[in-house]
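Participant: what's the 3D shape of this:
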Amino acid sequence: MVLLQSSFGDFISQTMQAFWQFTGFYNCQWPNLIMLAVGCFFVWLAIKKNFEPLLLVPIGFGMLVGNIPFQPGMEIGIYEPGSVLNILYNGVAKGWYPPLIFLGIGAMTDFSALLANPKLMIIGACAQFGIFGAYMLALLCGFDPLSAGCVAIIGGADGPTAIFTTSKLNPDMLGAVAVSAYSYMALIPLIQPPLMRLFTTEAERKIKMKSARVVSQNEKIIFPIVGLILTCFVVPSGIPLLGMLFFGNLLRESGVTSRLAKTASNAMTDIVTILLGLTVGASTQADKFLKIETLEVFGLGFCAFIIASSAGILSVKLFNLFLKKDKKINPLIGNAGVSAVPMAARISNNVGLEYDPSNYLLMHAMGPNVAGVIGSAVAAGVLLSFLG
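Facilitator: Numbering: from 1, shown residues only. A predicted model of the protein is given here:
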């Protein structure tokens, strides 16, 4: 009887010990705690500060999911083949999610502001200088060409484009690049206004632009077809992104596919955003994410974003030197040349209203903003052409 009790006690003890070794408390290390804190911070920014909640809530919660400590081999981690998270992460690693996001962006975007004033496309193109400027900086900092391309694309301020490009050039950098890109997109309200004030005078901030002409329905229908042909003939490697972007826009403007456009711009985009944000967040698993290289990516990504925003603003000032007084462009819309729709355009409008409450710049800023979407995808295609 005593022997039986002893054996039962040993069994319970061994069982509890084995259970304890499988818990997160046993496997927890300080890097896990750091990433859990970062995840909570992202969620706080989204909820309390309203910084891109549709992005930061999924990413922040994904960080919590991805950094719960566990014993390897349980097929639950995002980097363990066969796990549910790993299967969902294939949409990021293989580049499935970004084209679907671009389909939704095309279906919800009105390109009228750009069509009404095509010269605004040049501003969007100039803002992409941040990508190529950051590429040179990354090379100077010792990154190999493929990794430098991954860092550089952050300057486009376009999360899906950054993910798609990185998945093709260096998948090992996906977590750092994706979180960096989305973080700076969410922080646009903090980053861009100081630059806008730095590079413009008060008189320039008060420039009023003429109302844009009315764009015909035929122009709206022709644009995605011509846009696809022109851009993809130049950079065929951009077809997955540009093709879906223009296809989504044709669904919107054709007038006969409203059901498809509604699905693409609402339900489908929401689903893909949830999956993308959650898996991107979970990919920041502490042992993969907390490296010196990650800090370098964030630093260079910030430089890329600064260069892109500054280039857009300064390009407008340059154009104004050659424009008549009544046709000058307000430099505040230059920041919208980055591909962060529509937040960057809203920042242009908000800063403009600070200096003249009657000066509404939103529709004008949407021109370079949507041009930036196209420009970032073209820039990604260029990088993939000579690096991929």
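Participant: Span of stretch 73-85 from start to end?
Facilitator: 14 Å (C-alpha to C-alpha, to the nearest Å).
Participant: That one: how far from the chain's middle?
Facilitator: 26 Å (C-alpha atoms, centre = their mean, to the nearest Å).
Participant: Could you do stretch 24-34 as well?
Facilitator: Here stretch 24-34 is found 29 Å from its chain centre; the criterion is C-alpha atoms, centre = their mean.
Participant: which residues are contacting it?
Facilitator: W20, Q21, N67, I68, P69, F70, Q71, A286, D287, L290 (C-beta atoms under 8 Å, 6 or more residues apart in numbering). C-beta here means a position set from N, CA and C on the backbone, and glycine is covered the same way.
Participant: Average pLDDT for that stretch, rounded please.
Facilitator: Stretch 24-34 carries an average pLDDT of 89.
Participant: now do stretch 336-352
Facilitator: Rounded mean pLDDT across stretch 336-352 is 90.
Participant: Over to stretch 82-96?
Facilitator: Average pLDDT, stretch 82-96: 93.
Participant: same deal with stretch 222-232?
Facilitator: 96.
Participant: residues near K210, how many?
Facilitator: When neighbours are defined as other C-beta atoms under 10 Å, K210 has 9 of them.
Participant: Let's verify it: helix, strand, or coil?
Facilitator: Following DSSP: H, G, I helix; E, B strand; the rest coil, K210 is assigned to coil.
Participant: for it, phi and psi?
Facilitator: K210 adopts backbone torsions of phi -70, psi 150, taken as degrees, to the nearest 10.
Participant: do you know how far it is from F102?
Facilitator: K210 is 31 Å from F102, where distance means C-beta to C-beta, to the nearest Å.
Participant: Distance-wise, check the spatially most central residue of the chain relative to G227.
Facilitator: The residue lying closest to the centre of the chain (C-alpha atoms, centre = their mean) is G159, at 1.8 Å. Between G159 and G227 the distance is 22 Å, computed by C-beta to C-beta.
Participant: circling back: got the confidence number for the residue nearest to the centre of the chain?
Facilitator: On the pLDDT scale, G159 gets 88.
Participant: Let me see the backbone angles for N32.
Facilitator: Per-residue torsions, N32: phi -60, psi -40 (degrees, to the nearest 10).
Participant: same thing with Q128?
Facilitator: phi -70, psi 0.
Participant: which residues sit in contact with the residue nearest to the centre of the chain?
Facilitator: L55, A178, A181, Y182, M185, L276.
Participant: V38 now?
Facilitator: Counted by C-beta under 8 Å, 6+ apart, V38 has contacts M63, T284.
Participant: so is it in a helix, a strand, or just coil?
Facilitator: Under the three-state scheme (three-state DSSP), V38 adopts helix.
Participant: how near is it to M209?
Facilitator: Distance from V38 to M209, by C-beta to C-beta: 41 Å.
Participant: try I78
Facilitator: 47 Å.
Participant: who's more crowded, these two?
Facilitator: I78 (26 against 19).
Participant: ok now do the more buried one, which residues does it touch?
Facilitator: Contacts for I78 (C-beta under 8 Å, 6+ apart) come out as G66, L85, N86, Y89, T279, A282, S283, Q285.
Participant: re the thing from before, so which of the contacts of stretch 24-34 would you say is closest to L139?
Facilitator: L290 (24.6 Å; C-beta to C-beta).
Participant: The closest one against M35, yeah?
Facilitator: Yes. Judged on C-beta atoms under 8 Å, L290 makes contact with M35 at a distance of 7.0 Å.
Participant: neighbour-wise, which of these two wins?
Facilitator: Taking neighbours as other C-beta under 10 Å, L290 and M35 compare with M35 leading, 22 against 17.
Participant: shouldn't that one be in contact with I68?
Facilitator: No. With contact defined as C-beta under 8 Å, M35 does not count as touching I68 (10.0 Å).
Participant: For the buried ones among the contacts of G159, write the corresponding PyMOL selection.
Facilitator: Per 16 or more other C-beta atoms under 10 Å, the buried members of the contacts of G159 correspond to this PyMOL selection:
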select buried, resi 55+178+181+182+185+276
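Participant: pLDDT-wise, what's the bottom of the contacts of G159?
Facilitator: Model confidence across these bottoms out at M185, which has 84.
Participant: Not counting its neighbours along the chain, what's nearest it?
Facilitator: A340 (5.0 Å; C-beta to C-beta, 6 or more residues apart in numbering).
Participant: Could you report the neighbour count for that neighbour?
Facilitator: Around A340 there are 30 other residues, counting by other C-beta under 10 Å.
Participant: Next one: it relative to L321, how far apart?
Facilitator: From A340 to L321 the distance is 27 Å (C-beta to C-beta).
Participant: can you give me the helices for the stretch 201-350 of the chain?
Facilitator: 202-205, 217-234, 239-253, 258-263, 269-282, 286-289, 292-320, 343-355 (DSSP state H, counting those that start in this stretch).
Participant: least reliable of those helices going by mean pLDDT?
Facilitator: When I compare those, helix 286-289 is least confident, with a mean of 88.
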